[in-house]
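In: sharing a model that was predicted from the sequence below.
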Amino acid sequence: MDSVLSAQTQHAPTMVKLWASAFGGEIKSISAKYSGSQLLQKKYKEFEKSVRVEEIDGMKVVKTLAKKMEEMFRMKKEAMRRLVEAAEEAHLQHEEDPELQYEYFNAVLINEVDEEGNNVELGGEFVLEPNDHFNNLSVNLSLSVVQVPTNMYNKDPAIVNGVYWSEALNKVFVDNFEKDPSLIWQYFGSAKGFFRQYPGVKWHPDEHGVIAFDCRNRKWYIQAATSPKDMVILVDVSGSMKGLRLTIARQTVSSILDTLGDDDFFNIIAYNQEMHYVEPCLNGTLVRADRNNKAHFREHLDKLFAKGIGLLGDALTEAFTILNDFNQTGHGSVCSQAIMLVTDGATQMYDDVFAKFNWPDRKVRIFPYLIGRESAFADNMKWMACANKGYFSQISTLADVQENVMRYLHVMSRPKVIDHEHDTVWTEAYVDSTSRNKKGPSLMTTVAMPVFSTKNETVSGILLGVVGTDIPLQELMKIIPKHLLGIHGYAFAITNNGYILTHPDLRPLYQEGQKRRKPNYSSVDLSEVEWEDKDDFLRNAMVNRKTGTFSMEVKKTVDKGKRLLKMHNDYFYTEVKGTPFSVGVALSRGHGKFFFRGNVSVEAGLLDLEQPDVALADEWTYCNTDEHHEHRSLSQIQAIKLYLTGRKPHIKCDRELVQEVLFDAVVTAPLEAYWTGLALNKSENSDKGVEIAYLGTRTGLSRTSLFVVPEHLSNQDFLTAEDKEGVFNADHFPLWYKRAAEQVPGTFVYSIPFGGNENKSVVLASTAIQLLDDRKSPIVASVGIQMKLDFFQRKFWTASRQCAALDGKCTISCDNEYLPLNKHLPQTGLFFGEVESAVMNKLLLMGSFKRITLYDYQALCRVYAGSSDSARSLSHVSTCVSFMSRGKTMMVPCDTEYPAFVSERTIKETTGNIDCEGCARSFVIQQIPSSNLFMVVVDNKCDCSSVWFIISISILNPSAHNESLKCDRLKFQKDRKRPETCHPFHPEENAMECGGTAGLSAPLTAALLPLLATLISR
């Protein structure tokens, strides 16, 4: 080999070109023959004159999609309204009975028996049957169950009465499910703490025998019960707060943070003789109560310590000033305002502060929490609450915290109750760990409505609870017209805060299929996935519920970030009326903007559609089989047949999509006979090197044919549900289809699929089928084969025997991926620069490859935790550095910048020399015809192992502890659209219901009543 590349360098490129040409011709011949690509191209060509090519109207697509989403959400909203009406009527007819005894089905105790085999109290026999609509959980479709938090008494009179009258909801639950079979869980969360859930299902405590779930802590409950709010939390850290009191105070503040959502704003001030902002950089302002900000403040709570004296008057003055100034900016909720006071006492009433800042309007509510068992200063704190439309609570132990904190929500809900406004609220996307499907935890949103008392005492503002239902986002995915969006197109939706509701690039879990969720998974902003839009034009337009279009160049990665696609996307967006959501559609220019319509007879189409080698995209909706219970068991092909033959007139199908899938079934039908002929011919494929032939079309139709028995397949997962990137999905075409579409027509793209961290010892070869000989022609299908890796290797060595006989290194690079065709099999699939660092460095210098910078705002970085927070450091990841660490490690969210490398397609051949410590090493790189492959021939006379190709993954703002950068990020607020309704206060509120007013001393009561009379009269 040395002589070939050194003594005869002028001939080496010619020789390598011959080898590459021989191999390219051989492997293309095999790929074309066994895939049947030429036959399929011919069959589509036969219909060229009868089909109609149309440019996709993106605005029409997005508006139609928005209408369908509106209808879906409207049906859920109507179901909730029926529950609200039934609940309020049932409560109106019920007379409270403190002696009421009532046996109900407790979610934890159903079907439990005692030692003698008898049903336990509140248990009873409860029929449960597995139901695939509820993720195959065992449920009861006739009855609901009641869950009571572990820290509450199951037979408390208030709970028993609430459970008794809410039994009336059972009938409505069932009726709702009959009217809309796509409904899943329906529920009523009571202000008393119990949770009624339909269908009935058994709940199981954790390993400690505890069920920590309290419906009143859930976002859907809090959003429905209250209006958005600005809040300042004052925490007393004077010397008297040492020990247990400070521990209780921290837990109280943490529980208050639990009640805040993305439409709320807050800050925390610790006070003694000075004001200490828990986050010093946020002096004098408020921040949004998103998950990241709340977590940040929680970390600082542990650093509070008690000393000195407490100047509460100064703290109240600071809090009022912040709320007033922030409200003037218009950046906060511009709705309700509150000061939460966490202290072990107040020596005076501070009426001068309230008179200056809060009276007579009392727009800021005061919620004092007295920490500890002492009651010496209780009267002063009760007076503050009553004089400022708040509520007083005393918290003596950690066990008292949650129940006492929750009480403020009911006070904040009074104006909404008195106004009798049943505002509908929608949550951001979240993972419900109880709703796991076959692919792991599922994302969903919740629609909820408050339930009010309609009895005469409503002027007091009695919130009975909140009803809600979950909507799996998979249901939204089903109505997306994937066939109209093209191979790289997609639909997405965001909330009024700019957070992603659904987007194909959203990655909510640590690892796909696992249960663990990333800490900030529900607050991923659109700008973090559409990061090329540096000015947030698309995001802000959608947040502000506009209708319009936008275009930009994008860089999308596929194959788990290994491969890069550069495209120009056109975006179309509009609002989803009746919700806080906006929806968008992205179409890639070129073949992604065109669609064609073919036509065949129903009889011919059905005949070919029902063949055993045909399958339809599992997550695409050709016919709606969810609308009627009797249709649920139907496959999509069965539903299409019943729809077209008129035997099931109630089935709703996408007529356009059904027509096109029939067309594709007819056109691709000859491939089945062609593949069968190859499989039956004993002289063909005798070494079983080719294992599978497959095709997919633009309508989600696929066909497969095995050339070996299933047990002998090298890659058992290919084209199965386990191969998530290799099949048609709700939000993407198969990876092999996507990559073939970007290849020059008539050529094949070769790749090695990976599962986990191991290669599958196979090579996939795929090519795209175009309808017309036109650059703008739609890609109608992709076809390919799976072959054994060793079969592929043998073909290479057959075509390049001379290279094998020489002392050199002959390999193939596939889109920067290393395909070793020798003994180095473990290196298969590594980045080429890791294996041939010196060569890759040289290719970059020569311009044969380009480095492109990409960003990942949903990345995870490993934290090496020392003995303290200050010892934590984020690791920079490099392919040539192996980190070792003592102690614990954990993964935390981070933003990263990383490189991708793209070959310059116009360069077909490259030669060069590398200086390796005084030794000149020669190499030749030659493109293999009709493929995405390069042949790499390198001489072995020099050792270049000391040369490293470093691929660093930089953590953006790596000085995560740089205070100024961190502070800027906390302060920065993107555009958001506030909820349309706001109920901050009401003149008819009964301010005397303020927590223990009856216990006020006579002098304080005498002082309060004239004050309230004066304020109310104003």
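Out: That came in fine, so what should we check first?
In: now stretch 405-416 - C-alpha only, CSV.
Out: Extracted in CSV, the C-alpha atoms of stretch 405-416 (Å, rounded to 0.1, in the frame of the first residue of the first chain):
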residue,chain,number,x,y,z
VAL,A,405,-51.7,26.8,53.3
MET,A,406,-54.6,25.6,51.0
ARG,A,407,-57.1,27.8,52.8
TYR,A,408,-55.9,31.0,51.1
LEU,A,409,-57.0,29.6,47.7
HIS,A,410,-60.6,29.5,48.8
VAL,A,411,-60.4,33.2,49.9
MET,A,412,-58.8,34.1,46.5
SER,A,413,-61.6,32.3,44.8
ARG,A,414,-64.4,34.3,46.4
PRO,A,415,-64.8,37.0,43.7
LYS,A,416,-65.0,34.4,41.0
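In: give me the contact list for that stretch.
Out: 191, 214, 216-217, 222, 225-227, 229, 252, 255-256, 259, 336, 338, 340, 365, 367, 369, 389-391, 393, 423, 450, 460-461, 463, 983-986, 989, 994-995 (C-beta atoms under 8 Å, 6 or more residues apart in numbering). (Each C-beta comes from the backbone N, C-alpha and C, glycine too.)
In: just the buried ones from those?
Out: Using 16 or more other C-beta atoms under 10 Å as the burial test, these include 191, 214, 216-217, 222, 225-227, 229, 252, 255-256, 259, 336, 338, 340, 365, 367, 369, 389-391, 393, 423, 450, 460-461, 463, 983-985, 989, 994-995 as buried.
In: filter those residues down to just the ones in strands.
Out: When these are checked against strands (DSSP state E), the matches are 229, 336, 338, 340, 365, 367, 369, 393, 450, 463.
In: quick check: bridge partners of Glu129?
Out: Beta bridges link Glu129 to Val139, judged by DSSP bridges.
In: distance of it from Gly308?
Out: 64 Å (C-beta to C-beta, to the nearest Å).
In: more neighbours: those two, which one.
Out: Between Glu129 and Gly308, counted using other C-beta atoms under 10 Å, Gly308 has the larger neighbour count: 13 against 10.
In: number of nearby residues for the residue lying closest to Phe791 once chain neighbours are set aside?
Out: Once flanking residues are discounted, Phe791 sits nearest to Gly689: 3.0 Å by C-beta to C-beta, 6 or more residues apart in numbering. Using other C-beta under 10 Å, Gly689 is surrounded by 20 other residues.
In: and for Glu619?
Out: That count, for Glu619 with other C-beta under 10 Å as the rule, works out to 18.
In: show the backbone phi and psi for it.
Out: phi -100, psi 10 (degrees, to the nearest 10).
In: excluding sequence neighbours, find me the nearest residue to it.
Out: Per C-beta to C-beta, 6+ apart, closest to Glu619 is Ala730, 3.8 Å.
In: would the one you found count as being in a strand?
Out: No. If the criterion is DSSP: H, G, I helix; E, B strand; the rest coil, then Ala730 is coil and not within a strand.
In: for stretch 972-983, what is the distance to the chain centroid?
Out: Centroid separation for stretch 972-983 versus its chain: 22 Å, with C-alpha atoms, centre = their mean, to the nearest Å.
In: whoops, stretch 56-73 was the one
Out: Using C-alpha atoms, centre = their mean, the offset of stretch 56-73 from its chain centre is 21 Å.
In: next, the buried residues of that stretch.
Out: Under the neighbour-count criterion of 16+ other C-beta under 10 Å, stretch 56-73 has 56, 58-59, 61-63, 65-66, 68-70, 72-73 buried.
In: what's the farthest-apart pair in those residues?
Out: Pairwise distances across the buried residues of stretch 56-73 (C-beta to C-beta) peak at 25.1 Å, for the pair Ile56 and Phe73.
In: my guess is the residue nearest to Glu619 contacts Lys482, does it?
Out: Yes. Counting by C-beta atoms under 8 Å, Ala730 does reach Lys482; the two are 7.4 Å apart.
In: between the two, which is the more surrounded one?
Out: For Ala730 versus Lys482, the count of surrounding residues by other C-beta under 10 Å is larger for Lys482: 26 against 20.
In: that one and Thr621 touch, don't they?
Out: No. Checked against C-beta under 8 Å, the pair Lys482 and Thr621 is beyond contact range at 9.1 Å.
In: residues near the closest residue to Val108 other than its chain neighbours, how many?
Out: Distances taken as C-beta to C-beta, 6+ apart place Trp203 nearest to Val108, at 5.0 Å, with adjacent residues excluded. Using other C-beta under 10 Å, Trp203 has 17 neighbouring residues.
In: and the longest helix for the chain?
Out: The longest helix of the chain (DSSP state H) is helix 58-93.
In: that's a helix at Ile322, yeah?
Out: Yes. According to three-state DSSP, Ile322 belongs to a helix.
In: and the pLDDT at it?
Out: You'll see Ile322 listed with a pLDDT of 96.
In: now do it against Asn267, distance only.
Out: Counting by C-beta to C-beta, the separation of Ile322 from Asn267 is 7 Å.
In: cool, Arg288 as well?
Out: Look at Arg288 and Asn267: by C-beta to C-beta, they are 11 Å apart.
In: show me the contacts for Ser254.
Out: 298, 301.
In: how about the helices in the stretch 51-200 of the chain?
Out: 58-93, 157-166, 169-179 (DSSP state H, counting those that start in this stretch).
In: and the first one, how far out from the chain's middle?
Out: Yep, that's helix 58-93 we're talking about. Between the centre of helix 58-93 and the centre of its chain there are 23 Å (C-alpha atoms, centre = their mean).
In: now swap in the last one and tell me
Out: Averaging C-alpha coordinates over helix 169-179 and over its chain gives two centres that are 30 Å apart (C-alpha atoms, centre = their mean).
In: just the buried residues of that helix, please?
Out: 169-170, 172-174, 176-177.
In: checking Ser777 next. Helix, strand or coil?
Out: Here Ser777 is coil, with the state taken from three-state DSSP.
In: for Glu421, same thing?
Out: coil.
In: thought it was touching Pro979?
Out: No. Assessed by C-beta under 8 Å, Glu421 is found out of contact with Pro979, at 11.7 Å.
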